[in-house]
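Novice: Just a sequence and a predicted model for now, questions to come.
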Amino acid sequence: MKKFMLISAAALLVSTSAMAQSTVVTTTGAAPGATVQIEPEYRTRIRSYVTEQKIRPVETREKIVVGSPVPRDVELVAVPSDWGPSLTKYRYVYSGSRVMLVDPETRMVVQAVD
């Protein structure tokens, strides 16, 4: 089992290095080992969506940051399907000129898109 874990970790490092030029991989505080991958083309779509739809940022007392929960009084919005198939399970909130992807079950911010 230990050998399998070492081989898996090595494979993950190699694959992450190979994808580093085209994909942003972020390990978050939402759950140990959780990752959110957003390819550059989808980052562009997210930024365009916010601009085109004239999404107004939410205002909160505390700053909304990756790894922290979103306050209960903040409405989470469903992620549009054109943001990428891997992101549709999340919700988002627009705060401080950043789109914050949120795990709807825990309300934890898992990724910020500038």
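Specialist: Yes, it's here.

Novice: Going by C-alpha atoms from here, please, whenever you check contacts or count neighbours.
Specialist: Noted.

Novice: all helices of the chain, in order?
Specialist: When secondary structure is read from DSSP state H, the chain shows helices at 2-19, 40-52.

Novice: Confidence-wise, which of those helices is weakest overall?
Specialist: For the helices of the chain, mean pLDDT drops lowest on helix 2-19, to a mean of 48.

Novice: any idea which helix or strand of the chain has the worst average confidence?
Specialist: strand 24-27 (a mean of 42; mean pLDDT, DSSP states H and E).

Novice: any idea of the pLDDT on Asp114?
Specialist: Per-residue confidence for Asp114 comes out at a pLDDT of 86.

Novice: Can you verify my assumption that it contacts Val99?
Specialist: Yes - look at Asp114 against Val99 with C-alpha atoms under 8 Å: they come within range, at 6.7 Å.

Novice: which of those two has more neighbours?
Specialist: Neighbour count, other C-alpha atoms under 10 Å: between Asp114 and Val99, Val99 has more, with 21 against 12.

Novice: distance of Gly67 from Val110?
Specialist: Spatial separation of Gly67 from Val110 under the definition C-alpha to C-alpha, to the nearest Å is 6 Å.
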